[in-house]
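Undergrad: pasting the structure only:
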């Protein structure tokens, strides 16, 4: 038995691929999934940039993604 991912209503007569019971719930789920991102320019000195670039390459991700992940980790750690 599938449930709506927004309101937990049973999806008895819905299509097999449905995840919500109505367009209202589908829109609510879409709005909830959106993340607000604000572009920020960060300046590093050459030494720090080289360290960050190497760490990002080792992790197999972009420098931007690496910096983003580190900021999020720091914020989550400080919230505890």
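TA: The structure has been received and is ready for your questions. Remember, predicted model here, so these are calculated numbers, not experimental data.
Undergrad: Who are the packing partners of the helix or strand of the chain with the lowest mean pLDDT?
TA: The helix or strand of the chain with the poorest confidence is helix 63-79; it has a mean of 88 (mean pLDDT, DSSP states H and E). Using 3 or more CB pairs under 8 Å, 6 or more residues apart in numbering; DSSP states H and E as the contact test, the elements touching helix 63-79 are helix 46-59. Quick note: C-beta positions are derived from backbone N, CA and C, even for glycine.
Undergrad: So, low pLDDT: which residues of this protein?
TA: 13-14, 80 (pLDDT under 70).
Undergrad: Kindly recompute the last result at 80.
TA: The model of the chain has pLDDT under 80 over residues 1, 12-15, 35-37, 79-80.
Undergrad: any idea how far residue 56 is from the residue nearest in space to the middle of it?
TA: Among the residues of the chain, the one closest to the centroid is residue 35, at 6.5 Å (CA atoms, centre = their mean). Residue 35 sits 21 Å away from residue 56, going by CB to CB, to the nearest Å.
Undergrad: what's the answer for residue 12, then?
TA: Going from residue 12 to residue 56 by CB to CB gives 48 Å.
Undergrad: So which of these two has more stuff around it?
TA: A count of neighbours by other CB atoms under 10 Å puts residue 56 above the other of residue 12 and residue 56, at 18 against 8.
Undergrad: From what I see, the more buried one and residue 66 are in contact.
TA: Yes. Residue 56 lies in contact with residue 66 (CB atoms under 8 Å); the separation is 3.7 Å.
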